[in-house]
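Engineer: Task: produce atomic coordinates for the following.
(2 chains)
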Amino acid sequence: MSVDRIETDVVVIGGGATGIGTLRDLSLRGIAAVLVEQGGIAHGTSSRFHGLLHSGGRYAVSDTLSAKECIEENTILRRIGAQCVEETEGFFVLLPEDDPDYVEPWLKGCAEAGIQTEELSVEEARRLEPEISPQALRVFRVPDSCVDGFRLVLHNAMSARRHGGRVLLYHKVTGISQANGNIQSVDVIDTLTQTKKTLYCRAVVNAAGSWSGQIAALAGLDVPVSPDKGSLIVFNHRFTSRVVNRLHPGSDGDIFVPHGSITILGTTSVATDRPDDTKPTREEILRLLAIGEPLFPKLQTYRILRAFAGTRPLYTPGNAQGRNASRNFQVFDHASDGLHGFFSIFGGKLTTYRLMAEKVCNAVASYLNVNTACTTKDQPMVEEASAEHLKAARHAFPVGDLSLMADRVGDDLEKVLDLAKKRTSSSSAGNPLICECEMVSLAEIESIAQDPDSHTLTDIRLRTRLGMGTCQGTFCALRAVNAMFEHDIPLSRDPLYELRAFLQERFRGLAPTLWGIQAQEMQLSRAIYAGVLNLRKETYAVKN
Amino acid sequence: MSIHLDPDKCLACTTCVVHCPVAEATPAFLGPRMIGPAFERFRLLGIVEDDSLKYCANCKNCEIACPQNVPVATINMLARMAQCQEIPPSFRDWIVAHGEVLARGLKYFPAWLKNMGTHLSLMRTLLDWIGIHKDCPMPNFAKTAFRDHLPRLSQKGFAKSVAFFPGCYINYYDPGTGFDLVWLLNQAGYRVFVPKDFVCCGIPLISGGFEKDARDNTRTNLRVLAELNAQKIPVISACPSCRLMLTREIGEFFPELMPKEKISIDDAQSFLLKCIATGELDIKTAHNSSVNISAIYHAPCHLRAQGAGLPALELLSYFPDIAICEANAGCCGISGSYGFKKEKYAIAQSVGARLFQRITTSGRPLVASECGTCRLQIAQATKKPATHPLTLVRAALQGRPLTLG
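Structural biologist: Purely as a prediction, here's the structure:
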């Protein structure tokens, strides 16, 4: 079998926020770069966290440097990633079981880091957020925001592409070659087609997050990164419009983040030896609920949609563990290990991904003798859709407010609008809603499906939110596959296989939280797919 | 307005969509599930309200159908009230929601003049221009309102009293039904009175989005109801929509106004059934009459929404002189004032088509239904007279042939 040969300056490994952010940074500097990612966009940790764009308040006492970086990056991201960020603000709430003496150092830490705080009366706070416990003693307002991690990565990729950056998804690194202590090439395999490629380059950035230990090992290096599992719960509705944190030293289950139509509660922290250990357990979920309840007394009555988990790539020199491990990031030039042109970046958190990318790109640029400065903080990642423009396309969509859709699709907006208009003018069925829970129309699905990087229904889900709402795919999965089949929109595999794979993936997150109304929902889903459609394991086995 | 009903109970099963007469009639309505619990998740996010909301007729078929007890239509009405805080409703919407205020304002005009006003083609063109469809059925004002006439009736020698909530329809357009009820209750030994402070139940105000006016009316009605309940005086209603509003909906719209004690209002037909069961109302004389009534009964959606059976059908079946069958063909389409509105007239007609067909082919010369606007809609579409079941009951009991205009 022949091996494709690609030449570039820099190969970036890892399609999460840091990797794609690095690709964007390099591309804006005019440095040729190719990014390889073993799964889809943000397949690792960047889409598996609570989506809090930290104000830094959480690190105000323990880690002033992190806190300072957070507030600076938070401000930048609200500017350059408006479509990915919801400026909700946040509350820090002191409960009777919390140490009141923590407040003073916390306020001092915030002031030092430059994080604005404002104390509200408990009455005022509960007027704004009525579900917060009446037991609250003190409430402080901070500039926390919410960020859609997946979209942030996607929009970074869109921006990088516009500037010449290349992204190879579903490409797994199989080897890293060096000659005379210099990086020479990276071997990858396309996991969908089994095609092998060799990427010749002058430098490699290892931004593989929890997988960066495995990548470094391919180059014969050892990096101190330990994956640390965090599990989270997704609730069906938005019971808070603001981020709500417990005012105490960071701990499990003390952050609530509203996100579009849902609310997320996180997080646990358990050391793991597998970077893909993303299966939350029922025990973790019950523990999170018990811990979260004092802040939201009705917590146990809210409907849970699902649970998910991700692994933090903690930087752990000297075997620091869990919450004690620093949330700082580290750029490593492996020249000190005898390998020139190989850089690793690890640790950190999503909020500071841009800064991490800037730092590693500075090192790479200097290694390549390029003097262009970083401009990632000045340019918005995707252009903002004009209100008039959306209004003119209003008639082609089943739901009037197009802003959520426009924010989601970013650079694909024109394409979606064109397809919607075409559908509306060509058939009486027009451009129907395929997913009602998250309000996704056929045109959006069609447009995303035509993207060469979309291979599965799950790829479409991530970009449209298809199947991520109340019914978790019970109705929209069938509708989507049906509509795609009917309109000759290609799926890479047999539609029934796709359907089953999609539902299996949804079920994975449902399994640890299967009680109450969501259990009823799943019975309905089972009745439809396993009963009526006979879409059973024996007929359509899916490899998990 | 910041009440948001918890959207968590909805399974997205779409049973409500299948049972929604409006969604079946027009693609302009996204359907009860989408515009109700599904959209509620986005209302919490502060999304712009969808145009499609205005098509919800508040007929409650979604709530009747929902296996999870999601108050779908109530979610929609709460959203509409919130929307009307932002965008004030039109003049037309004010008019159709404020029938009572309007009727009071026009009190001193003679009925013939008011009715000429609503039936002259010039006037209909004018109404059409403000958004009330020129072909929609409209009720006639009665010469004297029920509440004005009631004190003139001699009701002496009754030991027991019952308070009657007449609702706007009986009061202004259909006092005859009210007097039939009074006659029947007199037979059972009850004096009937209307407390002077009772006002419109508020359901048209809710549908129109007039939150404040509906709240004011609710407060007043609750005060009167609490006094009556405290005095153990039974309260009855002959209008399913008024009763639905007063016994259930106000608690969903205005939870903060609700008293601790349960407010009780009886359905007039249920009350009469109880009177028969206790022997207070003797219906034996009815067996000697020869009135021979043949009618088809339409159960109003708001009656079915109460989940308390079809007491009128049961009551009518007690009288051998009344041959009654049930239409059981869904909504008539009018939904209060919905079918009056120009942009919804065709939808309302389309919704009712199945019922009209059923009534026409039934061969029955007469239609019975408790709801005033259902009767208007049915009578216009089928050209058959439509009457309140109580009128039939009285005719059978009194042995007096029906006179139907």
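Engineer: got a pLDDT number for the closest residue to chain B within the stretch 101-250 of chain A?
Structural biologist: Residue nearest to chain B within the stretch 101-250 of chain A: residue A:238 (4.2 Å; Cβ to the nearest Cβ). C-beta coordinates here come from the backbone N, C-alpha and C atoms, glycine included. Looking at residue A:238, its pLDDT reads 95.
Engineer: how about the helices of the stretch 1-150 of chain B, start to end?
Structural biologist: For the stretch 1-150 of chain B, the helices defined by DSSP state H, counting those that start in this stretch cover B:15-19, B:21-25, B:32-33, B:39-43, B:61-65, B:72-86, B:91-97, B:99-105, B:111-119, B:121-130, B:146-149.
Engineer: Pull up the gap between residue A:374 and residue A:195, please.
Structural biologist: Applying Cβ to Cβ, to the nearest Å, the value for residue A:374 to residue A:195 is 34 Å.
Engineer: Looking at the two, which is more packed in?
Structural biologist: Taking neighbours as other Cβ atoms under 10 Å in any protein chain shown, residue A:374 and residue A:195 compare with residue A:374 leading, 18 against 14.
Engineer: what's the helix or strand for the more buried one?
Structural biologist: Assigned by DSSP states H and E, residue A:374 belongs to no helix or strand.
Engineer: quick one, what contacts the closest residue to it other than its chain neighbours?
Structural biologist: Of all residues not flanking residue A:374 in the chain, residue A:358 sits nearest, at 4.7 Å (Cβ to Cβ, 6 or more residues apart in numbering or on different chains). Residues near residue A:358 by Cβ atoms under 8 Å, 6 or more residues apart in numbering or on different chains: A:25, A:374, A:376-377.
Engineer: Same question for residue B:331.
Structural biologist: B:21, B:57, B:59, B:61, B:301, B:351-352, B:355.
Engineer: hang on, it is in a helix, isn't it?
Structural biologist: No - Residue B:331 sits outside any helix when classified using DSSP: H, G, I helix; E, B strand; the rest coil, being coil.
Engineer: ok, how many other residues are close to the closest residue to it other than its chain neighbours?
Structural biologist: What sits nearest to residue B:331 in space, not counting adjacent residues and going by Cβ to Cβ, 6+ apart, is residue B:21, at 4.4 Å. The number of residues packed near residue B:21 is 25, by other Cβ under 10 Å.
Engineer: got it, and the one 4 residues further on?
Structural biologist: Other residues within reach of residue B:25 by the criterion other Cβ under 10 Å amount to 22.
Engineer: these two touch, right, it and residue B:352?
Structural biologist: No - using Cβ atoms under 8 Å, residue B:25 is not in contact with residue B:352, being 9.4 Å away.
Engineer: where do the contact lists of the two overlap?
Structural biologist: With Cβ under 8 Å, 6+ apart, residue B:25 and residue B:352 have common neighbours residue B:333.
Engineer: Just the pLDDT for residue 403.
Structural biologist: Just so you know, I chose chain A. We have a pLDDT of 93 for residue A:403.
Engineer: I was after chain B.
Structural biologist: pLDDT for residue B:403: 72.
Engineer: For it, the count of nearby residues, please.
Structural biologist: Neighbour tally, residue B:403, other Cβ under 10 Å: 8.
Engineer: re earlier: now the contacts of residue A:358 in a markdown table, with pLDDT and secondary structure?
Structural biologist: As requested, those are exported to a markdown table (pLDDT from 0 to 100; DSSP: H, G, I helix; E, B strand; the rest coil):
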| residue | pLDDT | secondary structure |
| --- | --- | --- |
| A:25 | 98 | helix |
| A:374 | 97 | coil |
| A:376 | 97 | coil |
| A:377 | 96 | coil |
